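In: I would like the atomic coordinates for the input below:
(one chain, ligands or ions: 1)
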Amino acid sequence: MRTHRLELLPAVDVRDGQAVRLVHGESGSETSYGDPLEAALAWQRAGAEWLHLVDLDAAFGTGDNRERIAEVVATMDIKVELSGGIRDDASLAAALATGCTRVNLGTAALESPEWVAKIIAEYGDRIAVGLDVRGITLRGRGWTRDGGDLYETLARLDSEGCARYVVTDIAKDGTLQGPNLELLKNVCAATDKPVVASGGVSSLDDLRALATLVPEGVEGAIVGKALYAKAFTLEEALEAVSV
Ligand SMILES: O=C(O)c1ccccc1N[C@@H]1O[C@H](COP(=O)(O)O)[C@@H](O)[C@H]1O
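Out: Predicted coordinates for the structure are as follows:
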């Protein structure tokens, strides 16, 4: 029997001021879904406890949406996980100053290990690391560059006390093909820390399948395209994973 309910984190990815969804995280594959604040408020009204908010321009290095993102976080009453372009003291300070509950680091965990170890020690569970993978190779800089082996990096971050991982199978992301359950099971077997699953959710059955992995360490699931494409409603999703 599960002891915890799977947390759901509806996603709002912001590019050029708009809420968008990408396919495989590829720049240029955007479908636009309008105002990010309206999208975030809609998920909050539907009962979300978390928002997964991404500054895609900052992740790609094509600018940033910092003011828009800060406005979204300030308006939300729910917890926000913020990511994209958090790679140094200044960008971390700006992200934390929004009042988000935690930040999610991608590229920095691959390219600036000493800085990441330092901020993990300083900020504890306000820092999560996004392990964005193709196969078992990590990808950074907007998922355009290889960044090493998943399990070696996971072992290093674990030894530094990283509190949580957000695991994305890039091959699944934005495709509505179902999550990579094998990858999630393997990551959970390699760490005692909670794992947030990302990529591929297409149906309520996918969410139920992810919920069966809660005892293994899957704490939550990011849901993007399926909600925007109206494959199901957030209310239905929350009901499907209620214990
Ligand atoms: O979420 C996406 O679709 C995405 C696509 C391409 C690159 C990054 C993406 N999202 C998230 O951005 C951060 C990584 O940003 P950075 O490397 O720290 O600047 C990470 O949470 C990705 O999952």
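
In: can I get the helix or strand harbouring Val166 in CSV? Just the C-alpha atoms.
Out: Using DSSP states H and E, Val166 maps to strand 165-169. C-alpha atoms of strand 165-169 as CSV (Å, rounded to 0.1, in the frame of the first residue of the first chain):
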residue,chain,number,x,y,z
TYR,A,165,16.1,15.0,-8.4
VAL,A,166,13.8,15.9,-11.3
VAL,A,167,14.4,13.3,-13.9
THR,A,168,13.4,14.0,-17.5
ASP,A,169,13.7,11.5,-20.4
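
In: next structured bit after that strand?
Out: helix 181-190.

In: got the angle between that next one and strand 165-169?
Out: Using axes from the mean of the first three to the mean of the last three C-alpha atoms, to 10 degrees, the direction of helix 181-190 lies 150 degrees away from that of strand 165-169.

In: tell me the pLDDT at His4?
Out: Note on His4: pLDDT of 87.

In: thought Val214 was touching it, still the case?
Out: Yes: proximity of His4 to Val214 meets the contact threshold set by C-beta atoms under 8 Å, at 5.5 Å. In this view, the C-beta of every residue, glycine as well, is placed from N, C-alpha and C.

In: these two: who's more crowded?
Out: The neighbour comparison of His4 against Val214 (other C-beta atoms under 10 Å) goes to Val214, with 20 against 13.

In: distance of the more buried one relative to Ser32?
Out: 34 Å (C-beta to C-beta, to the nearest Å).

In: again with Leu51
Out: Going from Leu51 to Ser32 by C-beta to C-beta gives 18 Å.

In: have a look at these two and say which one is more surrounded.
Out: Each of Leu51 and Ser32 has its neighbours counted (other C-beta under 10 Å); Leu51 has more, 25 against 12.

In: tell me the strands beside the strand holding Val166, with direction?
Out: Strand 165-169 has its sheet partners listed here by DSSP bridges as strand 127-134 (parallel), strand 195-198 (parallel).

In: of all the ones you listed, which one is nearest the ligand?
Out: strand 127-134 (3.5 Å; C-beta to the nearest ligand atom).

In: which outside residues touch the closest one?
Out: With contacts defined as C-beta atoms under 8 Å, 6 or more residues apart in numbering, strand 127-134 is touched by 25, 81, 83, 102-106, 109, 116, 119-120, 138-140, 143, 150, 153-154, 157, 162-171, 183, 187, 196, 198.
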